Structures are given as C-alpha cells and as structure tokens.
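**Q** generate coordinates for the sequence data below:
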Amino acid sequence: MSRLFYLFFLSLVVWAPASVSAQTTNPASKTSWGVYQIHWGVERFESGLISQIKKLGATPDYVLFFRDMDPDRGFPTKTVKVCKKHGITPVISQEIWKWSERRSVNKNWLGRINTGETDEFWKQWARAAKAFDSELIFRFGFEMNGDWFAWGQQPKEFIKAWKRVHKIMRDEGAAKVKFMFSPNVEWDINNRESAIELYYPGDEFVDLLALDGYNFGDKHSKWHSWSSYKAVFEKSIKKMSKVNKPLILAEIGCADGSAKSEWVKVFLESVRKDERVSGFIYFNHFDPNKGEPNWLLDSDPKTLKVFQGFLKKNR
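**A** Here you go, the predicted structure:
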C-alpha cells in the first residue's frame, strides 16, 4: 500500500459525512464578513483599515493579515490590539518560513517544527496570545494542499506540525486562539496531493474550516480562465461541509473584467443563501509589482456599489 493511498484511506475515516444542512435560502440572516489588510507597520495597518471601513461603509467582522516565523516579529500584540479597538476579530495567517528566506527552495520548515527546533518561538507566541486575552483566529500553514509554498503538499509532516503547535498553544493556556484549517480550493483532479482531506488533522485540533479561492480571469496566465463562483468553490465547499464545523471563505477575490460586478454580486448572493458557509473574507488588495490580478472592490464603480449594497442589507 503506497503512503499516499494509506493517507487517503485514513482521511476517509476522519472525513465522514456529518449532519449538515443543505444549501437553502435564508436572506434574513446576517453573513459575517471581513477584508484583507496589508501589514506594513501597525500605524499604516490601522490607517489602511480605517480607509477600507470608510470606503465600504461598514466595519468588518474580521481582518486578515500575514505573519512569518521571524522571532523578531513573533506575536503581533500591537496589531491585534488595533483590531480589538475597532471591534474586529483578527485572522492571523501564519506562513511557515521567514520572509527573508522565502525565495530559497526550503522544504524543511515543517521538519524544523516537528523536531522541536521552533518550540520556543511558539511558546512565546502562545504566552503573548494568552496575555492578549481575546479571541483571535490562527490560520496556520494556509493553502497547505498547494505546491507554491515551502510547507505545501507534505501531508504527513503538516499534520504532525499542526498537532505540535496546537499542543504548545493549549499547554501554554492560549485557549482563545481558534485554529482555522484553511486549504486552497481543489483545482486539479490530476494533482492527487491537492486533495483537502489528506491534510486534515482531526476534529479535536480544529475550531474553524476555511477555503481560499479566486477567479483569476482570462489574462493572468494560460492556466487560468474566467471562472464562476460556483466553478471555483462548489466542489470544495461540498467536501468541507462533511465536517460539522463553521466554514469561512478565508480568501476570495475576482480579477478585473467587464463581468466583475456581476461575479461579485453572484458570489455575495450565493454566500448569503448558503447555510454551509458562515462568512467570507474578501482579499481587497492590488500590488502591480507581484503580477497578481487587481482584486480591489473599487477597481470599478459598479463592483464597489454592489458590495456597498450588500453591506447595507446585511446589517
């Protein structure tokens, strides 16, 4: 029996269908939502967040930002206090490497966690999170089923690392840190190690479920084309909803195009009606230097108006 098949077999035991409601229309309920805010220092983070709130016309439930494993940064105490001041739950997206080393091909970061080399980093992180004493969401090693990060597509090592970090957090008393399991949507049926269930560490180690997925449009690369919300997410939502835990779309975005406003409208209506999904975080950002599409909601007036209209109805 191959390692991959064995892992898949085990995942089927964990990934047994739960009692989950089917998709239904429920327009009266409020959908939780959030935005991404780039972290270039605490002051700029807060000013950027305030700017988004003013532009969108409402305060989000979540704000997502990224961190690495540089000990000089550690737990972002000042940033999470900014979030708390504005009544927003922070979603810390933890990258499993140092940003200064991310350009190197380094597949050993999970191994360094599993041998205990990084235990002190996590202990200090956990103690600071305990001192913060407010709920936060910890998105450890997101998109682990992808092949674009150093921690990607190593299911056995990933699960082992997740459990080790989870134990440290709980042993140190960081009970208000909510662990979010956040894979990328499955995108290639021929890439077997993209299967979400291979990476799931088990119900007792997970508080929230999440999915990352984007409509990259027709111009990003030859591997991408304009894709509907359903085409991007439905297969993975169906699979994730077999686990009876809250599901959030932790990263979602749509590239520019003549149909962007309609795409966003359909996505918002679909999420609002879908009892399998409890909320979303829109990746409201554009960095032309990274070669990524323009995800901004205000890249055209129609799309911004659609989103503002949703927020008014969602109060």
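**Q** look up how far Glu117 lies from Ala129.
**A** Going from Ala129 to Glu117 by Cβ to Cβ, to the nearest Å gives 20 Å. To be clear about C-beta, it is placed using only N, CA and C from the backbone, and glycine gets the same treatment.
**Q** these two: which is more packed in?
**A** Ala129 (24 against 12; other Cβ atoms under 10 Å).
**Q** quick check, Lys219 in contact with Ala255.
**A** Yes: the pair Lys219 / Ala255 is scored as a contact, 7.3 Å apart, by Cβ atoms under 8 Å.
**Q** common neighbours of these two, please.
**A** Taking Cβ atoms under 8 Å, 6 or more residues apart in numbering as the criterion, Lys219 and Ala255 both touch Pro293.
**Q** these two: which has the busier surroundings?
**A** For Lys219 and Ala255, the more surrounded residue by other Cβ under 10 Å is Ala255, and the numbers stand at 21 against 12.
**Q** got any ranges where this structure has weak pLDDT?
**A** When the per-residue scores of the chain are filtered using pLDDT under 70, the ranges that remain are 1-28, 102-107, 220-222.
**Q** center of the chain - which residue?
**A** Here the mean C-alpha position of the chain is nearest to the C-alpha of Ala250 (Cα atoms, centre = their mean), at a distance of 3.5 Å.
**Q** which secondary structure element is home to that residue?
**A** Secondary structure assigned from DSSP states H and E places Ala250 in strand 247-254.
**Q** for Ser299, same thing?
**A** Counting by DSSP H and E, Ser299 is found in no helix or strand.
**Q** name the nearest residue to it, ignoring sequence neighbours.
**A** Leaving aside its sequence neighbours, Ser299 sits nearest to Asp256 (Cβ to Cβ, 6 or more residues apart in numbering; 5.4 Å).
**Q** same thing with Phe45?
**A** Of all residues not flanking Phe45 in the chain, His39 sits nearest, at 5.1 Å (Cβ to Cβ, 6+ apart).
**Q** contacting residues for that neighbour?
**A** Going by Cβ under 8 Å, 6+ apart, His39 touches 45, 65-67, 76, 79.
**Q** quick check: the gap between it and Phe307.
**A** Relative to Phe307, and taking Cβ to Cβ, His39 is found at 22 Å.
**Q** likewise for Glu95?
**A** For Glu95, the distance to Phe307 equals 28 Å [Cβ to Cβ].
**Q** cool, Asn314 as well?
**A** 10 Å.
**Q** okay, these two: which has more neighbours?
**A** Taking other Cβ under 10 Å, Asn314 and Phe307 do not tie; Phe307 has more neighbours (24 against 15).
**Q** need phi/psi at the closest residue to that one other than its chain neighbours.
**A** Using Cβ to Cβ, 6+ apart and skipping residues adjacent in sequence, the residue nearest Phe307 is Leu297, 4.9 Å away. Recorded main-chain torsions at Leu297 are phi -70, psi -30, according to degrees, to the nearest 10.
**Q** how many residues are close by Leu297?
**A** What Leu297 shows, counting by other Cβ under 10 Å, is a neighbour count of 24.
**Q** same check on Lys78?
**A** The local packing of Lys78 (other Cβ under 10 Å) involves 12 other residues.
**Q** grab the nearest non-local neighbour of it.
**A** Val42 (4.5 Å).
**Q** show me the contacts for that neighbour.
**A** Shown in contact with Val42 (Cβ under 8 Å, 6+ apart): 78-79, 82.
**Q** swap in Lys30?
**A** Taking Cβ under 8 Å, 6+ apart, we find Lys30 in contact with 314-315.
**Q** now stretch 44-62, how far from the chain's geometric center?
**A** For stretch 44-62, the distance between its averaged C-alpha position and the chain's averaged C-alpha position is 19 Å (Cα atoms, centre = their mean, to the nearest Å).
**Q** can you map out the strands along the stretch 101-250 of the chain?
**A** Along the stretch 101-250 of the chain, the segments classed as strands by DSSP state E, counting those that start in this stretch run 136-140, 177-181, 208-215, 247-254.
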